[in-house]
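>>> Attaching a predicted model along with its sequence, questions to come.
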Amino acid sequence: MKKKKKVKAAILIIGNEILSGRTQDKNIAFICNWLNINCGITVPEVRIIPDVEKIIIKNIRFLSKQFNYVFTTGGIGPTHDDITAKSIAKAFKIKYGYHKEAYEILENYYGKEKFNDGRKKMAKMPVKAELIYNPSSAAPGFITKNVLSLPGVPSILNSMIENCKKYLVKGLKVHSKTINLFTVESIISKQLGVIQKKYKKNVDIGSYPFFRLGKIGVSIVSRSTSKKILMNVHKDIIKIIKYKKIKILNI
């Protein structure tokens, strides 16, 4: 697929277990990193919502219009509260039922005798969806319009993510450069603001405090699709650092 300059995705984490604090999400960072490095796709928005049909439908409809792609995680398993597939079908007004290919994959994986109702439920989805194959536990994810639905279990999601690539239009890769300083944000905030304004259309500059070796520091992270512009920003930041005589931890 050909590249677009800017391709953006949203991530929709679905699950009461995440909101209750019982389960810690590990998928957001993984998906964001994979999309940026492998596909040049940025993720400007992430939402975490409960297993409630109306809320899922509302968010799917909104996000699918706002972004090139929406990645959902969770709610496509065999239990009563796994309602993501049915909710997506309703959001797009598509028939929900057994997906022929998904049903065959799961029946072959479990065998007819062990292919119980719970396992059959994992073959239910928007019937015209395309499948995202699962090399770990057979149960496939699926893509409906521009919504890619993946399981919530991180190890299974990680094994499936490469199978999403064929459905994605790639954007330009976002490059980044980091400078770690032993200083506080207020010392350099004004000057960073000036640089950000200068390059506002091409670069995002962030400052992130840290505590290391008993000292307070700041990581300055610059991001851009242009390596050349990124280097110009880097040089401007170095000038500020030298002028203020701030100690660099590493570059």
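Sure thing, it's come through. On a predicted model such as this, the values are computed, not experimentally measured, just so you know.

>>> hang on, isn't Ala138 packed against Tyr103?
No. Using C-beta atoms under 8 Å, Ala138 is not in contact with Tyr103, being 11.4 Å away. The C-beta positions use only the backbone N, C-alpha and C, and glycine is treated the same way.

>>> residues touching Cys39, list them.
7, 165, 168, 170-171 (C-beta atoms under 8 Å, 6 or more residues apart in numbering).

>>> ok, now with 6 Å
168, 170 (C-beta atoms under 6 Å, 6 or more residues apart in numbering).

>>> Got phi/psi on it?
phi -130, psi -10 (degrees, to the nearest 10).

>>> Just the strands from the stretch 151-251 of the chain, written as ranges.
175-182, 204-212, 215-224, 247-250 (DSSP state E, counting those that start in this stretch).

>>> Please identify the deepest-packed of these.
For the strands of the stretch 151-251 of the chain, the largest average neighbour count (mean count of other C-beta atoms under 10 Å) is found in strand 215-224, namely a mean of 18.

>>> what does that strand rub up against?
Under C-beta under 6 Å, 6+ apart, the answer for strand 215-224 is 174, 176-185, 202-210, 230, 233.

>>> What mean pLDDT does that strand get?
When pLDDT is averaged over strand 215-224, the result is 93.

>>> can you check stretch 199-208 too?
92.

>>> Contacts for it next, please.
By C-beta under 6 Å, 6+ apart, stretch 199-208 touches 185, 192, 196, 218-224, 226, 229, 233.

>>> which of those lies closest to Val127?
Arg223 (40.5 Å; C-beta to C-beta).

>>> So which bits of the helix or strand hosting Phe30 are buried?
Per DSSP states H and E: Phe30 is located in helix 27-34. Neighbour-count burial for helix 27-34 flags 27, 31-32, 34 (criterion: 16 or more other C-beta atoms under 10 Å).
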